[in-house]
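Asks: Below are the sequence and a predicted model; questions follow.
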Amino acid sequence: MKNKKEVIKHSAAIQVENRVGLLERRAWNWLLANAYDELPTAETHSIAVSDLMKALGYASRNHAHLRETLKALTGSVLEWNVIRKDKEVWGATTLLAEVEIEDGICTYAFGPMLRKRLYNPKMYARISLSLQNQFQSKHALALYELFVDYLHEDNRHGETPFIFILDFRKLMGIPEGMYPEFKKLSKWVIKDPLTEINKVTDLTVTVEYKKEGKAVVAVKFRIRRTLQLLKGDLGQGELFLEPEELPAVFQELITAGLSRDDVLDIWQQGVDYVEVRDKPTPEAFELYLREKIDLLKRRQASGKIGSSTGFLLDAIRKNYHNLEFAEKQKAQAQQAKAHELEALQQQRRQLEHAHSDALHEHCCAIIAVSPALLEEAAEAVMNKYPMLQQPYGPDAPLEKRYQARAALTGMVDKFLIEHYPEHFQALTAAHDTQVAALDAQIAALG
């Protein structure tokens, strides 16, 4: 079996009516991961039954249970987009179109529409295959996939929209009549699964309820990644990042004097580490940290500082302002803009030179095919400018005079371009398009 650690899973395949059990969901994730690279080119996929059983944690050689699991997938309807994250597309299909086991090999297929969508998702989540085997509840695994789907990896935070209870019941596969009281639904399908997720994964999830009167009508989940499992599967190896594995700005914090634990705390909390209301946006957090490091260096240079570590931590938590840094950033931005503008202008000059060379080469090619055009152009040019006949005189070969005298070359080329523009349309159009694009960039910087 291919060495897969995660499955890339389309949002619509996560936000489905969850009628399948825990084992069926885990099995389908493994089958998708095994087939993923072949989805664009192969209609069927195969995996050794022994490998699939090992992946699912089967110890028994009895394949009957596995066959029932696979059979359930062929009869389970996947309804796309239950909570409408993708506003454009709705659809329904079975999780597997067909499956067959022969001589220890499981061959299976997804429906053609599903296969196309699974390989090229606009919205997807990466689901840890090793982690999914840690779950004991199908609701916990379904919710975990949903949370990963809504987690923003850039700032390690995310939240679902409010999900109406009817949609939530559908998403969790709770049939009508089961857990009619919200108190029981909350315990078995929300609170207990969240406890499991918070315990065995690197996510911390909280739930928020929307009420109309006393009735809960919708739920929302807030997600935060608190650990990075970069050193192997759950339960194996180091669970925390080494300093050299942190983004550059966090390594700079360590260099500035902060402890590894303090830096990991800042890294995990992100903007939530800042205690004051004037917080940076998640996108600007790294620049915010560099501003505080710069402020520390300025204070150290002036000798007006006691504890460097304490000062830097307070500067980050309380957002000590650094006006000099802002001015420095502004000057650097202006300098970068000037350099970019000069580079674009140089590129435009080079483009004009290249276009001139291309036009001359094209003129030479036209003349080689139709020498009469050279005669026509040269006669018109030299009648207007007789001095262009020198130094070779009227008896020198015309092509030699055309190639030898730059002035004659330019005038002949200009004549051909002006009188036979149809031969130069493609070159001119391509050049005009490139020039327009460069001019737009130059204007935007101006």
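Replies: Here it is on my side, so go on.
Asks: Does the helix or strand hosting residue 356 pack against any helices or strands, and if so which?
Replies: In this assignment (DSSP states H and E), residue 356 forms part of helix 323-369. Counting by 3 or more CB pairs under 8 Å, 6 or more residues apart in numbering; DSSP states H and E, the packing neighbours recorded for helix 323-369 are helix 285-302, helix 371-384, helix 406-419, helix 425-445. From N, CA and C alone the C-beta is placed, and that goes for glycine too.
Asks: buried sites along the last one?
Replies: Read it as helix 425-445. Buried residues in helix 425-445, defined by neighbour count with 16 or more other CB atoms under 10 Å: 431, 441.
Asks: gap between that helix and the chain center?
Replies: 29 Å (CA atoms, centre = their mean, to the nearest Å).
Asks: So which residues make contact with that helix?
Replies: Identification of contacts with helix 425-445 by CB atoms under 8 Å, 6 or more residues apart in numbering yields 337, 340-341, 344-345, 347-348, 351-352, 355, 358-359, 362, 421.
Asks: go on, the first one?
Replies: Residues outside helix 285-302 that contact it (CB under 8 Å, 6+ apart): 155, 247, 249-250, 252-253, 256, 266, 270-271, 274, 280, 305, 308, 311-312, 315-316, 319-320, 322, 324-326, 328-329.
Asks: out of those, which are inside strands?
Replies: Counting by DSSP state E, those place none of their members in strands.
Asks: Residue 261 and residue 202: what is the separation?
Replies: Using CB to CB, to the nearest Å, we find residue 261 at a distance of 17 Å from residue 202.
Asks: and the closest residue to residue 256 other than its chain neighbours, how many neighbours?
Replies: Distances taken as CB to CB, 6 or more residues apart in numbering place residue 293 nearest to residue 256, at 5.2 Å, with adjacent residues excluded. In terms of burial, residue 293 registers 21 neighbours under the definition other CB atoms under 10 Å.
Asks: Filter the contacts of helix 285-302 down to just the buried residues.
Replies: Among these, those buried by neighbour count (16+ other CB under 10 Å) are 155, 249-250, 252-253, 256, 266, 270-271, 274, 280, 305, 311-312, 315-316, 319-320, 322, 325.
Asks: Can you name the next helix or strand after the lowest-mean-pLDDT helix or strand in the chain?
Replies: The weakest-scoring helix or strand in the chain, judged by mean pLDDT, DSSP states H and E, is helix 11-14 (a mean of 54). The helix or strand immediately downstream of helix 11-14 is helix 22-35, counting by DSSP H and E.
Asks: isn't residue 409 right next to residue 402, touching?
Replies: Yes. Here residue 409 reaches residue 402: they are 6.0 Å apart, a contact under CB atoms under 8 Å.
Asks: And those two? Which one has more around it.
Replies: Legend: neighbour count by other CB under 10 Å for residue 409 and residue 402, higher for residue 402 (20 against 17).
Asks: quick one: the more buried one from residue 377, how far?
Replies: Distance, residue 402 to residue 377, by CB to CB: 9 Å.
Asks: list the residues that contact both of these two?
Replies: Counting by CB under 8 Å, 6+ apart, the shared contacts of residue 402 and residue 377 are residue 412.
Asks: Domains in the protein, by residue range?
Replies: If you go by automatic domain parsing, the domain ranges for the chain are 1-123, 134-237, 243-321, 328-445.
Asks: give me the number of residues near residue 173?
Replies: 19.
Asks: does it count as helix, strand or coil?
Replies: The three-state assignment at residue 173 reads coil, by DSSP: H, G, I helix; E, B strand; the rest coil.
Asks: Quick check: phi and psi on it?
Replies: Dihedral angles of residue 173 (phi, psi; degrees, to the nearest 10) stand at phi 70, psi 30.
Asks: Can you add mean pLDDT and give the helices and strands packed on helix 323-369 back as TSV?
Replies: What follows is the helices and strands packed on helix 323-369, written out as TSV (pLDDT from 0 to 100):
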stretch	mean pLDDT
helix 285-302	91
helix 371-384	88
helix 406-419	91
helix 425-445	91
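Asks: Which one of these lies nearest to residue 182?
Replies: Between residue 182 and the helices and strands packed on helix 323-369, the shortest separation by CB to CB is 38.0 Å, and it involves helix 285-302.
Asks: part of a helix, is residue 219?
Replies: No. Using three-state DSSP, the assignment for residue 219 is strand, not a helix.
Asks: Wait, it touches residue 163, no?
Replies: Yes. Under the criterion of CB under 8 Å, residue 219 makes contact with residue 163 at 5.6 Å.
Asks: rewinding a little: compare residue 261 and residue 202 (neighbour count), which wins?
Replies: In this view residue 261 and residue 202 are compared by other CB under 10 Å, and residue 202 has more residues nearby, 18 against 9.
Asks: gap between the more buried one and residue 224?
Replies: Distance, residue 202 to residue 224, by CB to CB: 10 Å.
Asks: what's the distance between residue 55 and residue 135?
Replies: According to CB to CB, residue 55 stands 15 Å off from residue 135.
Asks: Roughly how far does residue 65 sit from residue 94?
Replies: According to CB to CB, residue 65 stands 20 Å off from residue 94.
Asks: With residue 67 instead?
Replies: Distance, residue 67 to residue 94, by CB to CB: 17 Å.
Asks: do residue 425 as well
Replies: Taking CB to CB, one finds residue 425 at 54 Å from residue 94.
Asks: repeat for residue 140
Replies: Taking CB to CB as the measure, residue 140 falls 24 Å from residue 94.
Asks: Quick check on these two: which one has the bigger neighbour count.
Replies: residue 140 (24 against 15).
Asks: and the more buried one, what is it in contact with?
Replies: For residue 140, the contacting residues are 192, 193, 196, 197, by CB under 8 Å, 6+ apart.
Asks: Quick check: phi and psi on residue 202?
Replies: According to degrees, to the nearest 10, the main-chain angles of residue 202 amount to phi -90, psi 20.
Asks: Surely it is in contact with residue 225?
Replies: Yes. The pair residue 202 / residue 225 is scored as a contact, 5.6 Å apart, by CB under 8 Å.
Asks: What are the phi and psi values at residue 205?
Replies: Backbone torsions for residue 205, taken as degrees, to the nearest 10, come to phi -130, psi 140.
Asks: now do residue 40
Replies: Per degrees, to the nearest 10, the backbone of residue 40 is at phi -70, psi -20.
Asks: Excluding chain neighbours, what is closest to it?
Replies: Using CB to CB, 6+ apart and skipping residues adjacent in sequence, the residue nearest residue 40 is residue 119, 5.5 Å away.
Asks: With residue 95 instead?
Replies: Excluding its sequence neighbours, the residue lying closest to residue 95 (CB to CB, 6+ apart) is residue 73, at 4.4 Å.
Asks: Great, nothing more from me.
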